[in-house]
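Visitor: Sequence first, then the predicted structure:
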Amino acid sequence: MSSSINDQSECLDIPNEYQLGPEDLKLLQGINRDVPNHKETMVQNEPVAPGFGDFHTYFDQRKRKLAKQAQEQAQKAPEHKQIFAGVVFHINGFTQPSHYELKKLLIERGGRFLHYLSKTQVTHIIASNLAHSKAKELQNYRVVRPEWVVESVRANRLLCWHSYQLGSERKVPMVLQNAVLANELATESSNHPNVMPISRPPLPPRQIVVDKYGEGLNRDWVRRNLATEKDFIQRYYANSRLHHLSMWKAEMKDYVAQLRRKHTVKKPASCKPVIMHVDFDCFFVSVSLLSYPQFKDKPAAVCHSQSQMQLDKDALEHSATSSQIASCNYVARSFGIKNGMFIGQARQLCPGLVTVPYCFDAYEQISKQFYKIVAQIADETQAVSVDEALLDVSNAAEDCGSAELLAQDIRKKVFAATQCTVSIGIGPNILLARLAAKKAKPDGIYTLEIGTFFDIDLCVSDLPGVGHVVEDALASRGIKAVCDIRAVPLDMLKNICGDKTATMLYNFSRGIDNRVLESDKPRQAFGADISWGVRFSNQNEAEDFVERLAAEICRSMVAANRIGSLVTLKIKKRQTGQGKPAKFLGHGICDNLSKSNSLPQMTNDPAKISAACIYLLQQLAVDPLDIRGVGIQVQRLNSLEASTRSIDMFAKPKARVYGHNANTSINAYELPSVSQLDMSIVNELPASIQQELRAAFCQRNGKYDKAFPKASAASSRNTEANGSRRGRPRKHSFAISKNKKPSSNLLDSFRKLEWLDTIMPSQMDNDVWNHLPINIRRELAREYVKSKPVVKPSQKNLTSASESKASQALQYSGPTLLGKYILADIKGLVKEWTSRDEPVAEDIDEFAEYIEKLVEHRDLVKVQQHGIRPLLP
């Protein structure tokens, strides 16, 4: 019997750990001898293998043998940190990595492996898939995916198993599988230079949301308010206080600029500087209570109204405690309630707290009334926010008699127009005015001078620009008050918090602030951040949301007449091991990731900016299920008018064309001598080109150059034949003999003029231009003037031609494929080349040259769109 078993084991490819050893063979052959009366000792209804004895005896010995083998394997393995000590695991079904690899990883790091499931001993069950009945059977056990083992080994520590629980990840619906398959096909096709990439399929109506972390995302109300909905961004903006604040700040700056243009601004005289910081008292709740006067003297707060949200029962219970207070009045603050506190916590402090909804239209209207009043009084006005402003009233205070009288007048006028109170802080600079405004609240006036500044007790956190990081760094050195900062030398402060912050703290602690009001500071960036309701099931949904958010930002840029060239994508990634966020559908505790990309040209085109953002999203490689917030920012801004002027200066001259009507002929280039030309190549040129060359040589020499031959008949035939080539124009070039080396002067002229003709206005960075040495700038300017033709168009056509040329250059100024640059047009061209027969060599060369030019222009986003994945460092 033993020989037959051994023969079978040799024929089959059975792992050593599953082959029967000598002990097993002895057990199988002699088990009946160990049980004299087998039938009498057999328990009723117990399974028995005929001729092998009872199963318990065999499996007990089998388990002991496997445990011994595992112990020997662990002893022979190299030393590892015993991160799985105390873990007893069992592997169910097919896994990736394999059963053998997982077992090896676990045993070598202190784990104990059970070949046969024992529910009383096992601590973790590893499985990739479970049948419905099996999953129901094991629902009370720790069933984890194999990734838990792999990630724990990679981190060299035992990770929390909840994030890898098999039951928390639903099966991916067919919609998601199709999206993944499309992405894989697109990746495969993009490796071939002549295959266009597969575009992202349109998002179908979604029926199932992947609820990986058990947040109840498949409830009807929740699903309607996720970022995947088409109108989510518009509804979010309509109800987001933070969005309105950011938009209002920019709008108020523009509004103040308009008011200053209407009213004559007094120039500050050589008098004592007086700065005022005017701030509303509890702005949002004060304005909202104008619609609810019955709650004026009661504890009240502004938050999202639950009745307006139309929550279902489960969502209502959650949001009843997770909504945040935007603003509360001073009656509510007397109970310990603060802005930003959860409504559930606030009701524990004050059960009688009244909540009122937002009134965004009223906020904007009252803010404009406020700025209209202060702009007519102040010498300079800086809009800080929708409810606060910095005023330079040096002249106005002197005319009024004192700053306090002027402040009282401002408070009376604001209250009469808005029925809301403001507090005013007065000081000789911005710092002291801001600190004084805190002392003036609520509904008061406070003046802070340099002399009295040293007498008040201030914490480090009271200074503007000091956050938690700086505060903690100073507290670790025992610096908690402003007077403590004054006792620390500047060099020591620089070692603690850096040069810039240290200098600011050193001056602020002494009441010194050299900042001036910035009433007309241009906007530095356009952007948007959304971190509520952001839940995605796959990459396709994430990219679709990024595309819609980029389009929203571009609408703002177009309205402001601005363009930009630096795009930054910011992602909030759910931190590993974190559970449900405290705020319903909020972002919770996240890791903040960001990546930037410089565009090849300044633009506000949503297609280009969204393509750059999607490229950055792919580079970050974040699991879409873990994305909790998305932000896009466009920087390095310029106005459209300034860009048009730049295009007008550096654009290619209109008269520099090939033809007899051009004011500047081919003689604008420094031609070689006739002896340097290869006549065999010249004879192959079209007749029209030969005529232009002959005219150019005649114009240079002042007479007909007999050395230059007349157009041959062959060239005429070539011209006629070449005219039927799919409309592809032949490139104009001078044929220089290979055995004749042109002069360096000739090459220099070609290089200079070629540079001036091919440079694009979008490539002219004003910052780089300003940092060039003056001699380099003068040389470039001289070369530009030399290359510019002397053209005297009529005054009537001058403006229209310039505007037309500028608008065309602004639309697109990069490489083209036979005059086409839009992706859809290029696809159509390639399809035309390949529809009838295989592409000819000339077609392939044209496309390859076009891709090379894109790379030279650093337009890597478009290279990727055409299916060419650049190898970036």
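Guide: Noted; the coordinates are in hand. Numbering: from 1, shown residues only.
Visitor: what pLDDT does Lys253 get?
Guide: Per-residue confidence for Lys253 comes out at a pLDDT of 73.
Visitor: A helix includes it, no?
Guide: Yes. Residue state for Lys253 (DSSP: H, G, I helix; E, B strand; the rest coil) corresponds to a helix.
Visitor: which residue packs closest to it, ignoring adjacent ones?
Guide: Nearest non-adjacent residue to Lys253, counting by CB to CB, 6 or more residues apart in numbering: Ala383, 4.7 Å away. In this view, the C-beta of every residue, glycine as well, is placed from N, C-alpha and C.
Visitor: Dig out what the one you found forms beta bridges with.
Guide: Beta-bridge partners recorded for Ala383 (DSSP bridges): Ala389.
Visitor: Need the pLDDT of it.
Guide: 87.
Visitor: Could you double-check that it sits in contact with Lys368?
Guide: No. Using CB atoms under 8 Å, Ala383 is not in contact with Lys368, being 10.9 Å away.
Visitor: out of those two, which sits in the busier spot?
Guide: Ala383 (24 against 16; other CB atoms under 10 Å).
Visitor: ok, now which ones touch the more buried one?
Guide: Contacts for Ala383 (CB atoms under 8 Å, 6 or more residues apart in numbering) come out as 249, 252-253, 255-256, 371, 389.
Visitor: in the helix or strand where Ala375 lies, what counts as buried?
Guide: Element membership of Ala375, judged by DSSP states H and E, is helix 360-377. Applying a neighbour-count criterion of 16 or more other CB atoms under 10 Å, the buried positions in helix 360-377 are 360, 363-364, 366-368, 370-371, 373-375, 377.
Visitor: residues making contact with it?
Guide: 238, 244, 248, 252, 255-256, 259-260, 263, 278, 280, 283-284, 287-288, 290-291, 381, 383, 386-387, 389, 391, 393, 396, 406, 409-410, 413-414, 417-418, 420, 422.
Visitor: what about 6 Å?
Guide: 244, 252, 255-256, 259, 263, 287, 381, 386, 389, 391, 396, 413-414, 417-418 (CB atoms under 6 Å, 6 or more residues apart in numbering).
Visitor: now swap in stretch 610-624 and tell me
Guide: For stretch 610-624, contacts defined as CB under 6 Å, 6+ apart pick out 536, 538-539, 542-543, 546-547, 550, 567, 569, 571, 573, 593, 595, 597, 632, 861.
Visitor: List only buried entries from these.
Guide: Buried residues within those, defined by neighbour count using 16+ other CB under 10 Å: 536, 538-539, 542-543, 546-547, 550, 567, 569, 571, 573, 597, 632, 861.
Visitor: ok, so what distance separates the closest residue to Cys459 other than its chain neighbours from Val488?
Guide: Nearest in space to Cys459, with sequence neighbours left out and distances taken as CB to CB, 6+ apart, is Ala481 at 6.0 Å. Note on Ala481: its distance to Val488, by CB to CB, to the nearest Å, is 11 Å.
Visitor: Pick out whichever of these two has more residues nearby.
Guide: The neighbour comparison of Ala481 against Val488 (other CB under 10 Å) goes to Val488, with 18 against 15.
Visitor: Buried subset of the contacts of helix 360-377 as a PyMOL selection?
Guide: A single PyMOL command selects the buried members of the contacts of helix 360-377 (16+ other CB under 10 Å):
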select buried, resi 244+252+255+256+259+287+381+386+389+391+396+413+414+418
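Visitor: among the contacts of helix 360-377, which two are most distant?
Guide: His244 and Ala396 (30.6 Å; CB to CB).
Visitor: in the stretch 401-550 of the chain, which spans are helices?
Guide: 403-418, 430-440, 450-453, 468-475, 482-486, 490-497, 499-508, 539-559 (DSSP state H, counting those that start in this stretch).
Visitor: For Gln96, which of those helices is the nearest?
Guide: Among the helices of the stretch 401-550 of the chain, helix 539-559 comes nearest to Gln96, with 20.7 Å by CB to CB.
Visitor: Let's have the buried residues of helix 360-377 in TSV, adding pLDDT.
Guide: As requested, the buried residues of helix 360-377 are arranged in TSV below (pLDDT from 0 to 100):
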residue	pLDDT
Phe360	83
Tyr363	88
Glu364	86
Ile366	91
Ser367	90
Lys368	89
Phe370	92
Tyr371	90
Ile373	92
Val374	91
Ala375	88
Ile377	90
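Visitor: Need the three-state assignment for Ile91.
Guide: strand.
Visitor: one step back: using a markdown table, please lay out the buried residues of helix 360-377 together with distance to Asn339.
Guide: Output for the buried residues of helix 360-377, formatted as a markdown table (distance: CB to CB, whole Å):
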| residue | distance to Asn339 |
| --- | --- |
| Phe360 | 17 |
| Tyr363 | 15 |
| Glu364 | 20 |
| Ile366 | 19 |
| Ser367 | 18 |
| Lys368 | 23 |
| Phe370 | 20 |
| Tyr371 | 23 |
| Ile373 | 26 |
| Val374 | 24 |
| Ala375 | 28 |
| Ile377 | 29 |
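Visitor: ok, so of these, who is nearest Ile107?
Guide: Among the buried residues of helix 360-377, Phe360 lies closest to Ile107 (CB to CB), at 62.3 Å.
Visitor: Can you tell me which of the contacts of Ala383 comes closest to Ala135?
Guide: Of the contacts of Ala383, the one sitting nearest to Ala135 (CB to CB) turns out to be Lys249, at 52.7 Å.
Visitor: domains of this structure?
Guide: 77-168, 292-358, 464-508, 655-790 (automatic domain parsing).
Visitor: Could you tell me the least trusted of the ones you listed?
Guide: Looking at the domains of the chain, the weakest mean confidence is domain 655-790, a mean of 51.
Visitor: List the contacts of the residue nearest to Ile343 when sequence neighbours are not counted.
Guide: Spatially, and ignoring its direct neighbours in sequence, Ile343 is nearest to Ser323 (4.6 Å; CB to CB, 6+ apart). By CB under 6 Å, 6+ apart, the residues touching Ser323 are 303-304, 343.
Visitor: hmm, back to that, can you tell me how far the residue nearest to Cys459 sits from Thr452?
Guide: Distance of Ala481 to Thr452, given as CB to CB: 16 Å.
Visitor: Same question for Asn129.
Guide: 73 Å.
Visitor: can you pull out the helices in the stretch 1-150 of the chain?
Guide: Using DSSP H, counting those that start in this stretch, helices in the stretch 1-150 of the chain cover 2-11, 22-34, 38-41, 55-76, 99-108, 132-137, 147-155.
Visitor: what helix or strand is Ser565 on?
Guide: Counting by DSSP H and E, Ser565 is part of strand 562-574.
Visitor: Lovely, talk soon.
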